[in-house]
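Trainee: any chance you can model this:
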Amino acid sequence: MKPYEIISHTISDIICTCLKTHEYGLLHFNDFLRYDHSWPSNTEYPPYGWLEDKFDCSDYAYQSKWISSAPRRSEHEGHRKAKLANRINFIDHSFEPVLSRLDQILWDDVVRRGVPHVIIHSEYNSKDLDSIDLPNIHWFAHAYICSEFYFQHYQKLKMVRDYTSRPINYPWLCTNRLIRPHRTDFLEMLDLTQGCYSLLNPDPNGLTYAGPVPAHSFDVHENHSAEIKINDLTPWNTSFLHVVSETVWQDKIHFTEKVFKPIVLHQPFVVLQAPGSLAYLRSYGFRTFGDFWDESYDTIEDPQERMQAIADIVNSIGAKSVDELERMRMEMAGVLEHNFRHFYENIPAICLDELRRGISTP
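Mentor: You can find the predicted model right below:
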């Protein structure tokens, strides 16, 4: 089974255990990630892309069928529909940002069905979720999948654990596979001669950028989110400071695999995301780098001021010598090693406990 399938079964197992009932449905998208916008808007059933065998009234089939007390086909149709009306459907939206406006047809149809639905998601302080009139459960899904699946085997490799043997060739690294306004705005604030960045123009989706930052590439720019190249010395593993430029910038905290690459590589990081992002990481037991530079940017509400405060840190690091950066890396070794161990040893249990608490709460 692939990671998303295993996690889907894990969520189903937790729902069944926590609710002590089998009268539920677990719905997820066809690729486990995204709402499928290709459905025609006039389609009566279904106007979205999740797997319908978890929702089909005719079969009353769903994930826990093999242990459930679900009515059989031979049972009276009215009895099947009555039991269906009394169950809860959990929408597994764990890995992509929730989009209230763009996916309005999805949420309208969910409400129209008249069956209780709960959204399982991985974003925090989200205006999108606030605008959807459905209960929701938050858990740090990306931390779980990265620790248990994507980056699981890196922890055993000497070339990963022995990070002090890698040279520091670049003061900072800022990777950008896709063009987004906050990413190009940020690059425009940096002294690009000090560090290493990537920016394809046009990007793999065909988007273009007309600003002053030259296109630059050191990577293959394929969608290799679940991989870190470690067998060669590259900018990925020979940079000191890692700029985590998340997908979503201002309106929600939605960490993906990006933040765990510097943690695996024992690199300090700054985060280009919504206010409270560092506090969010610390709430899960990670340590950040307030002893080494000013992390008050995490509390700045104004997006331009916050971006400039982050750029000031990056430019300050870029102005340091290699000797200064190596000394700083030695001084922060306790933080780097704690984050590495915590990510592998504790985070999976913390994330699953969070999901259990959310499902168990009425």
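Trainee: quick one, what contacts the residue most central in space within the chain?
Mentor: Central residue of the chain (Cα atoms, centre = their mean): Thr256, 2.5 Å from the mean position. Shown in contact with Thr256 (Cβ atoms under 8 Å, 6 or more residues apart in numbering): 142, 225, 246-247. The way it works is simple: take the backbone N, C-alpha and C, and place the C-beta from them, glycine included.
Trainee: cutoff 10 Å now
Mentor: Applying Cβ atoms under 10 Å, 6 or more residues apart in numbering to Thr256 gives the contacts 95-97, 122, 141-143, 145-146, 225, 244, 246-248.
Trainee: swap in Leu178?
Mentor: Contacts of Leu178 (Cβ under 10 Å, 6+ apart): 199-200, 203-205, 207, 221, 223, 245, 247.
Trainee: what do you get if the cut-off is 6 Å, keeping everything else the same?
Mentor: Going by Cβ atoms under 6 Å, 6 or more residues apart in numbering, Leu178 touches Asp203.
Trainee: could we number from 58 for the rest of this?
Mentor: From this message on, residue numbering opens at 58, which makes the last subject Leu235.
Trainee: tell me how far it lies from Gly268.
Mentor: Using Cβ to Cβ, to the nearest Å, we find Leu235 at a distance of 15 Å from Gly268.
Trainee: what do you get for Thr67?
Mentor: From Thr67 across to Gly268, the span is 44 Å (Cβ to Cβ).
Trainee: now swap in His281 and tell me
Mentor: Note on His281: its distance to Gly268, by Cβ to Cβ, is 26 Å.
Trainee: do Ile177 as well
Mentor: Distance from Ile177 to Gly268, by Cβ to Cβ: 38 Å.
Trainee: lowest pLDDT pick from the contacts of Thr313?
Mentor: For these, the weakest pLDDT value sits at Ser282, with 71.
Trainee: tell me the SS of that residue?
Mentor: coil (DSSP: H, G, I helix; E, B strand; the rest coil).
Trainee: do the same with Leu84
Mentor: Leu84 falls in the strand class when you classify it by three-state DSSP.
Trainee: wait, it touches Ile148, no?
Mentor: Yes - counting by Cβ atoms under 6 Å, Leu84 touches Ile148, with 5.2 Å between them.
Trainee: which of those two has more neighbours?
Mentor: For Leu84 and Ile148, the more surrounded residue by other Cβ atoms under 10 Å is Ile148, and the numbers stand at 24 against 20.
Trainee: and the more buried one, what is it in contact with?
Mentor: Going by Cβ under 6 Å, 6+ apart, the list of residues near Ile148 reads 84, 174, 176.
Trainee: and those, which is closest to Ala390?
Mentor: Ile176 (40.4 Å; Cβ to Cβ).
Trainee: neighbour count: Ile177 and Gly268, which is higher?
Mentor: Neighbours were counted for Ile177 and for Gly268 using other Cβ under 10 Å; Ile177 has more, 23 against 13.
Trainee: what's the separation between that one and Lys315?
Mentor: For Ile177, the distance to Lys315 - Cβ to Cβ - is 21 Å.
Trainee: ditto for Val371
Mentor: When distance is defined by Cβ to Cβ, Val371 is 16 Å away from Lys315.
Trainee: next helix or strand past the lowest-mean-pLDDT helix or strand in the chain?
Mentor: Least confident helix or strand of the chain, by mean pLDDT, DSSP states H and E, is helix 134-142 with a mean of 51. Following helix 134-142 in sequence order, the next helix or strand is strand 145-150 (DSSP states H and E).
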